[in-house]
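Student: here you go, sequence then predicted model.
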Amino acid sequence: MKLTLHPDRLFPAEERTRRIARGLHEGVRDLPIVSPHGHTDPAWFALNEPFPDPARLLITPDHYVLRMLYSQGVRLEDMGIPPLDGGPHEEDGGAIFRLFAKHYHLFRGTPSRMWLDWVLGEVFGCEEVLEEANADGVYALVDDALRRPAFLPRSLYERFGIEVLATTEGALDELVHHRALGESGWKGRVITTYRPDDVIDPDNSCFAANLRRFGELTGQDTLSWQGYLEAHRVRRAYFREVGSATATDHGHPTTRTANLPEADAEALFGRVSKGGSSKADAELFRAQMLTEMARMSLADGMTMQIHPGVARSHNPAVASRFGPDKGGDIPLQTDYVSALAPLLAEVGNEPDLNIILFTLDEDTYARELAPLAGHYPALLLGPPWWFHDSPEGMRRFRERTTETAGFYNTAGFNDDTRAFLSIPARHDVARRMDCGWLAQLVAEHRLGEAEAHDVARDLAYGLAKAAYRL
Amino acid sequence: MKLTLHPDRLFPAEERTRRIARGLHEGVRDLPIVSPHGHTDPAWFALNEPFPDPARLLITPDHYVLRMLYSQGVRLEDMGIPPLDGGPHEEDGGAIFRLFAKHYHLFRGTPSRMWLDWVLGEVFGCEEVLEEANADGVYALVDDALRRPAFLPRSLYERFGIEVLATTEGALDELVHHRALGESGWKGRVITTYRPDDVIDPDNSCFAANLRRFGELTGQDTLSWQGYLEAHRVRRAYFREVGSATATDHGHPTTRTANLPEADAEALFGRVSKGGSSKADAELFRAQMLTEMARMSLADGMTMQIHPGVARSHNPAVASRFGPDKGGDIPLQTDYVSALAPLLAEVGNEPDLNIILFTLDEDTYARELAPLAGHYPALLLGPPWWFHDSPEGMRRFRERTTETAGFYNTAGFNDDTRAFLSIPARHDVARRMDCGWLAQLVAEHRLGEAEAHDVARDLAYGLAKAAYRL
Amino acid sequence: MKLTLHPDRLFPAEERTRRIARGLHEGVRDLPIVSPHGHTDPAWFALNEPFPDPARLLITPDHYVLRMLYSQGVRLEDMGIPPLDGGPHEEDGGAIFRLFAKHYHLFRGTPSRMWLDWVLGEVFGCEEVLEEANADGVYALVDDALRRPAFLPRSLYERFGIEVLATTEGALDELVHHRALGESGWKGRVITTYRPDDVIDPDNSCFAANLRRFGELTGQDTLSWQGYLEAHRVRRAYFREVGSATATDHGHPTTRTANLPEADAEALFGRVSKGGSSKADAELFRAQMLTEMARMSLADGMTMQIHPGVARSHNPAVASRFGPDKGGDIPLQTDYVSALAPLLAEVGNEPDLNIILFTLDEDTYARELAPLAGHYPALLLGPPWWFHDSPEGMRRFRERTTETAGFYNTAGFNDDTRAFLSIPARHDVARRMDCGWLAQLVAEHRLGEAEAHDVARDLAYGLAKAAYRL
């Protein structure tokens, strides 16, 4: 079957609306890509070495792909995932790719299919939809391309028209690749993001060791509350200086926040830093730290992102056999209204602070998130995240948030991916869906066409730059 | 930019469907406006004095406008909101209007934009979309018009084709303006609604004083349970007699209801009427009173409205500095199934009782509200409320309630506004969206076109009259 | 008004999309009906006697119809429902039918209207939409037809193109009709489903008696934990052998599951089997039994269905006067993520096990169900159920589940009805809606048209056969 990336893809079928969408899209199609939040590996750009074979580049690290195949009975070992106990697993990239191709029909109607079609068709010039019969040929085509200079990380970064690309590093990361990038003279802009979960979450099994290392890296007494807070300040400054960070990111199981009296916070830290803290203390400490991080953001100007509400590693058998990020994460119902109240009472009215909220619980879009972001100066809504970073997910986001929060309390698009090659495909989906939504507003005479052009540019480019201060 | 109110606005873009929608809309466009629930000021119609300047008429009292501007860093003082401590605030209507105009792009895609465009274009004949550059001119145009007799409250009431307009007054209100209206000979029908929250909610800081006043007004011993209930009966009769009320309204934080044994209810009243009641007692008392009010409605025939589920004044800094209704109210997740069970067990099977349920939690439309209203004779669904009184909100309401509750368990449209000038715009949006939804059913052969005409009339006019007994 | 079943009904109005939908539908319209879950009476097919009069066939047993009429003040007695106390009720089928016809407009926009129009028009050749004026004529037309051989149950089964039809029987049912069917030589395939709620739910008022009877039927000591479990195994085998069952079904108030240590499970059974168990024990026992049933399904290959989350008989007055299933059931908010964790940890990774999840809480589609089914090999998503078995409900199901779970983690369509005559109408709605959704994907270039044809066949036919092993 011929692989076609139709120029009208994702636009509404209705001709009047499609024509408007096409016009809006022409105005934003070639804007630079601003990628303010994601998980690519800075080593790629620092070292600029060829990517590994097609399977290890496109399939093995993609938890969207793993989850779908696993759900239909494919063993993770057969997809090349090594068991933690060192047990056998497929090591032949070609075999992994063939197995994937055999199941490619499972992705019909999913965004993974759109992203992979784009990567194969647009990046590698593949002319047929992947299937078992052509898997070896496609594999060879991609494998061959990856050895060429035009497919080195920096070449693709430039070919993709990326203006800035943020990676995400833990608080203990030494940012060696970002440092190297800064010294390299390459004009690409790859920046880091401060993600301190591993020194904030008492439920992390390495929390005590992490605190010690945090102290070593910052020269602070991270077993005292004030020293611990100061260590964050030192480290945030380091991330800004060495990694050009403009933002922090926080992945918490809930959105609970707290704003304890100083002495209570100190006592709480005393308990959790000793290790073996109770579930309640761990949750309260994470809650307190969101408020502390917000206060630091107010002081140092870093945009704060909150990604809450996932039951990580819901499948214990998969987690214990293969480790995290293998497709077994499941969203949770999430409360924002009462959970965020302590933080908002402290910093919510600050117009110079940007706190970007994400959710995997779409029910909160219209009921909680749009009303909160449509009132508090400090809040912005992040784009549809993870399971909802898809055409229907994007449509629901606009349908449910725009009427209460408008467009200007949203933060533009994030691709939020480690799948570097699909970054343009993901921005392409977002731009097309936003243009389709704006086209509907225009076609229904809810918005003027000239205004829609302005908004389209803001959604594709301006809002992300402003929200992340890029 | 030219301001146009396109005759096809809000109709689906698809031509076949649009044509049907247009036809349906022609049949309802000119029907009188029935406004059975809202918050306009009866003094306007009783006194019939000119409205104040454009900013104080259109902007300062509109919490939709305030919330959006505040969310983008505009200070409420600069929008003319006086701090409670008497601090400085903008007093020049022109300056307020200019500041608003400068931020008018924030409202793109929101219902506020549609309502304000309609008011400026249709009521005042403004020919350009508001922007900073034309703000002074628009202000002058509106200011000039407001001094003319054609723009007095009664003139606009007549021009708008209003058949009946309900205001909302607290139980302690003496209804002087309604009395004056009744004696005035003016043929407009402005009626009141009995909203007794301030004598029902023990969490109200004036509760004790309100009970005393309630006793004075009714001649009842409102510190005894039976006297207190009788005071409600007396006052409901007063609202019917002096204010032509046909309905009551109840704004509770939750939908919890209770039906306590007589002695327990009396003991509970004994505790809360003393003041300083616990949170649990306050909630239980409100719950009990919903059932008491329903019993009284069964006796006196008044339609009962329940507007639950808002975290009022979520932002303590704004509330303490400026007071309530400044845009800081946030919806709450709301349960209906178990919460309403006690009330429904008592009166839910009464076919002659109308209890109209509203929600800010759209997730309950398909799961709870449509199933409840599609079974209990006493229940009707109110139209999309507040944050959801918008094109997308209305679309979701019909999509999620019609298949289970049908059209005839819904209660027609409410504008629920204090923004008198926008009342026709709000009914216009509702009529257009309902015609669009019906047109889709017709175009997809899910409903006959002749039947759709019947339904359109009922949604625009008949159902509201029946539900509120007007 | 002429009754028309338009050939394009339910297809999207947009012409490009409609044309694609029409093409897809042509490919599936005439596929056999696979009805793997429902509530028809096996006696109809075993005895093949004429159906009763039109009212008792089409109206009295339909709780969708009863709920809507009751919600608008029609008394259930007047619809022919006998009060449990033997009080008077309408017994004249013609009068019942007339009363129903008089209120037929209440069903505008509901699936009941589509199903009944189809039954009257397609099965009986009625040419006018039902209304009070033609009620007697329509009644006579249907009544006359029902006396003819072509309208006997087996004739209709064949005329409808049914390939297999599953009924649902309790664990204590002796399957006499299924046995008779097996011995009859008739080529129709009417199979049973093992629904053991009455021997699993300690809150069932007959639980103790049911356990005794369960022991008699199986020859096991059903007052011992091991004997009780063995009785289930014996009975499941009986249902497979005598009733050709391939599936079990479980209607629990929640999705809570448990996987207790053997001794704890035994002790729990000891407590609940004595009767008078606490609410907590009853819930825990149901939870444990879901996991036990899943283990048995793994052993015997029966597909397991879970239908959770209904407040049965929410209206106590109706339940006590008329009994269950009279329209007073209301959906409940339902949790899957934590509730299913114990069961999934035990059997979720089994690729040869099929557990089909249903929901009445659509909010869980995108947030919980699609992520779970898109990861766990054992899970499949059942089709939109009960209140959501409707055009809009089906649209929401595909919009919210496809992008995360794809099509191949769903289980095809269920009609889930006791209204035998409407079975083809229900499958027709599902096929049309799925073709419309696929057509939208094709029109928006999100799926190839050839692939869409494959998927359409799978949704209409293949997936149900695979999921239920038919």
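Tutor: Arrived safely.

Student: got the residues of the stretch 101-250 of chain A near chain C?
Tutor: A:105-111, A:114, A:129 (CB under 8 Å from any CB of the partner chain). (Each C-beta comes from the backbone N, C-alpha and C, glycine too.)

Student: Provide a list of residues in contact with the closest residue to A:His63 other than its chain neighbours.
Tutor: Leaving out its chain neighbours, the residue that sits closest to A:His63 by CB to CB, 6 or more residues apart in numbering or on different chains is A:Gly327, at 4.6 Å. By CB atoms under 8 Å, 6 or more residues apart in numbering or on different chains, the contact set of A:Gly327 is A:63-64, A:66-68, A:70, A:318, C:375.

Student: how near is the nearest residue to A:Asp335 once chain neighbours are set aside to B:Phe160?
Tutor: Spatial nearest neighbour of A:Asp335, excluding adjacent residues (CB to CB, 6+ apart): A:Thr255 at 6.7 Å. To B:Phe160, A:Thr255 is 44 Å away according to CB to CB, to the nearest Å.

Student: which one's more surrounded, these two?
Tutor: Neighbour comparison, A:Thr255 and B:Phe160: the larger count goes to A:Thr255, with 26 against 18 (by other CB atoms under 10 Å in any protein chain shown).

Student: next one: phi and psi at the more buried one?
Tutor: phi -100, psi 10 (degrees, to the nearest 10).

Student: sec struct for the most centrally placed residue in chain A, please.
Tutor: For chain A, the residue sitting closest to the mean C-alpha position, by CA atoms, centre = their mean, is A:Asp416 at 2.2 Å. What DSSP: H, G, I helix; E, B strand; the rest coil gives for A:Asp416 is coil.

Student: wait, it touches A:Pro384, no?
Tutor: No - taking CB atoms under 8 Å as the definition, A:Asp416 is not a contact partner of A:Pro384, at 9.9 Å.

Student: where do the strands of the stretch 351-470 of chain A begin and end?
Tutor: A:355-357, A:379-381 (DSSP state E, counting those that start in this stretch).

Student: how near is A:Tyr468 to A:Thr248?
Tutor: For A:Tyr468, the distance to A:Thr248 - CB to CB - is 11 Å.

Student: flag the shaky bits of the stretch 301-450 of chain A, pLDDT-wise.
Tutor: Nowhere does the stretch 301-450 of chain A drop to pLDDT under 70.

Student: residues contacting whichever residue of it sits closest to chain C?
Tutor: Going by CB to the nearest CB, chain C is nearest to A:Ser390 of the stretch 301-450 of chain A, at 4.1 Å. Applying CB under 8 Å, 6+ apart to A:Ser390 gives the contacts A:110-111, A:384, A:429, C:403-404.

Student: so which bits of the stretch 251-400 of chain A are right by chain C?
Tutor: Contact residues (CB under 8 Å from any CB) of the stretch 251-400 of chain A with chain C: A:311, A:314-318, A:327-333, A:360-363, A:387-388, A:390-393.

Student: next step: those residues restricted to helices.
Tutor: A:316-318, A:391-393 (DSSP state H).

Student: adding neighbour count and distance to C:Val74, write those out as CSV.
Tutor: Putting those into CSV (neighbours: other CB atoms under 10 Å in any protein chain shown; distance: CB to CB, whole Å) gives the following:
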residue, neighbour count, distance to C:Val74
A:Pro316, 14, 53
A:Ala317, 13, 54
A:Val318, 23, 54
A:Pro391, 25, 44
A:Glu392, 21, 40
A:Gly393, 23, 43
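
Student: can I get these in CSV with distance to chain B?
Tutor: As requested, these are exported to CSV (distance: CB to the nearest CB, whole Å):
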residue, distance to chain B
A:Pro316, 30
A:Ala317, 32
A:Val318, 30
A:Pro391, 17
A:Glu392, 15
A:Gly393, 16
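
Student: which positions in the stretch 201-350 of chain A make contact with chain B?
Tutor: Counting by CB under 8 Å from any CB, the stretch 201-350 of chain A sits next to chain B at A:335, A:337-338, A:341, A:344-345, A:348-349.

Student: what's the closest of those residues to A:Gly23?
Tutor: Within these, proximity to A:Gly23 (CB to CB) peaks at A:Gly348, which comes in at 38.7 Å.

Student: spatially nearest residue to that closest one (excluding sequence neighbours)?
Tutor: Counting by CB to CB, 6+ apart, the residue nearest A:Gly348 is A:Tyr376, at 4.2 Å.

Student: A:Lys326 contacts A:Met79, correct?
Tutor: No - in this structure A:Lys326 lies outside contact range of A:Met79 using CB under 8 Å: 9.6 Å.

Student: which residues are common contacts for these two?
Tutor: A:66, A:70.

Student: the residue of chain A positioned farthest from its centre sits in which helix or strand?
Tutor: The C-alpha centroid of chain A is most remote from A:Ala263, which lies 35.7 Å away (CA atoms, centre = their mean). Using DSSP states H and E, the element containing A:Ala263 is helix A:262-273.
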